[in-house]
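Colleague: Build me a model:
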Amino acid sequence: MSISVKNLSKNYGSQKAVNQISFTINKGEIVGFLGPNGAGKSTSMKIITGYLDADGGVVEVCGIPVHGNSIDTKKKIGYLPEANPLYTDMYVREYLGFITGIHQIVQPRNRISEVIQLVGLTPESNKKIGQLSKGYKQRVGLAAALVHDPEVLILDEPTSGLDPNQIVEIREVIKRLGQNKTVLFSSHIMQEVEAICDRVIIINKGNIVADDTLQNLQRSSTAIQCVKVEFKEVVDIELLKHIPGTNKVAALQHSIFNIQCSDADQVKKELLQLSLLHNLNIISLQTESQNLESVFKSLTT
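Modeller: This is a model prediction of the structure:
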């Protein structure tokens with residue numbers, strides 16, 4: 001496995017930033033790391049990359065313990081931190097040349113041209129970093145994380161500051177990279193995670209509250225479920241609000257309703273009984289999967 005985290009802990013004074021969390025990520029996985037602000041995401045990522053020491057637990061990258069071997073593990077990792085520190089007085093190619101020098105890359109010019117094209121920096125590649133927009137500065141940080149062709153990518157808010165078109169482009173870059181690399185990235189844009197990831201880890205107050213595939217999380221009993229029902233007749237919404245287990249009913253039309261509930265199967269049974277009791281005809285009845293945002297809210301509030 002590419003990343004192994006066992007009983008990881010980190011305290012800031014009396015505050016537990018990370019509370020004995022454990023997870024593993026294999027090569028070829030793209031995993032979304034989600035949580036509210038202050039949940040422990042960035043702290044965990046900094047510990048995995050070797051930029052911050054843990055108070056307890058063991059982290060391994062490509063089978064190498066991070067503690068005591070940070071240089072060896074950093075060679076395996078490409079890291080884009082949330083703050084994305086850059087030397088703004090340097091030109092883009094100059095800065096990437098500086099990074100390739102640190103990694104002692106053979107034929108650095110060829111590699112610099114490759115990553116510039118990969119992240120879509122070509123139009124701005126001859127400018128000073130300080131002259132770039134926030135979105136293009138983010139691309140410079142991503143290029144620097146990729147320039148040494150790492151096995152593991154740790155990306156903290158990689159699409160921060162990008163416009164919708166740029167987000168789509170970087171999304172495609174991450175998906176391509178995930179075919180032969182391990183990618184762990186955090187984001188507050190749930191649609192991004194849904195588009196890129198098959199698996200999600202959610203952390204809240206320093207504890208992992210979910211670690212599963214998107215499909216399983218959306219079906220989880222902890223998440224609010226939704227039933228969509230269409231009747232042949234016009235139905236009074238008040239009739240549906242009294243169905244046991246119903247949290248909220250929204251009328252899409254006079255005969256089509258969305259019913260939020262905690263047990264979709266039970267509500268569907270109640271709807272069938274209600275239709276028989278009131279001589280109503282149900283045209284369609286289906287459970288709709290909840291989006292990741294709904295799951296996230298249910299697990300972190």
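Colleague: Quick check: the residue most central in space within the chain vs T49, distance?
Modeller: For the chain, G32 is the residue whose C-alpha lies nearest the centre (C-alpha atoms, centre = their mean; 2.9 Å). For G32, the distance to T49 equals 17 Å [C-beta to C-beta, to the nearest Å]. (C-beta placed from N, C-alpha, C; glycine too.)
Colleague: what residue ranges in the stretch 201-301 of the chain score low on pLDDT?
Modeller: 219-224, 289-290 (pLDDT under 70).
Colleague: Which parts of it are helices?
Modeller: Along the stretch 201-301 of the chain, counting by DSSP state H, counting those that start in this stretch, helices occupy 214-219, 237-241, 264-277, 292-300.
Colleague: Tell me which of these sits nearest to S44.
Modeller: helix 292-300 (15.5 Å; C-beta to C-beta).
Colleague: for the record, mean pLDDT for stretch 69-82?
Modeller: Averaged across stretch 69-82, the pLDDT comes to 90.
Colleague: What residues sit buried inside that stretch?
Modeller: 70, 73-81 (16 or more other C-beta atoms under 10 Å).
Colleague: Same check on stretch 10-18?
Modeller: 10, 16-18.
Colleague: Also stretch 179-186?
Modeller: 181-186.
Colleague: which one among these gets closest to Q166?
Modeller: Distances from Q166 to those, taken by C-beta to C-beta, are shortest for F185, at 15.6 Å.
Colleague: For the nearest residue to the closest one once chain neighbours are set aside, pull up the helix or strand it's in.
Modeller: Leaving aside its chain neighbours, F185 sits nearest to L155 (3.7 Å; criterion: C-beta to C-beta, 6 or more residues apart in numbering). L155 belongs to strand 152-156 when assigned by DSSP states H and E.
Colleague: just checking, next helix/strand downstream of that strand?
Modeller: Following strand 152-156 in sequence, per DSSP H and E, is helix 164-177.
Colleague: that older thread, could the buried residues of stretch 10-18 be laid out in TSV, adding distance to Q107 and secondary structure?
Modeller: As requested, the buried residues of stretch 10-18 are exported to TSV (distance: C-beta to C-beta, whole Å; DSSP: H, G, I helix; E, B strand; the rest coil):
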residue	distance to Q107	secondary structure
K10	39	strand
K16	47	strand
A17	41	strand
V18	40	strand
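Colleague: what's the lowest-pLDDT member of those residues?
Modeller: Among the buried residues of stretch 10-18, K16 has the weakest pLDDT, 91.
Colleague: what's the spacing between the closest residue to that residue other than its chain neighbours and N7?
Modeller: Distances taken as C-beta to C-beta, 6+ apart place G206 nearest to K16, at 4.8 Å, with adjacent residues excluded. Between G206 and N7 the computed distance is 13 Å (C-beta to C-beta).
Colleague: tell me, what's touching these two both at once?
Modeller: Shared contacts of G206 and N7 (C-beta atoms under 8 Å, 6 or more residues apart in numbering): I21.
Colleague: Between the two, which has more neighbouring residues?
Modeller: A side-by-side neighbour count of G206 and N7, using other C-beta atoms under 10 Å, places G206 first with 22 against 13.
Colleague: so who does that one touch?
Modeller: Contacts for G206 (C-beta under 8 Å, 6+ apart) come out as 16-19, 21, 39-40.
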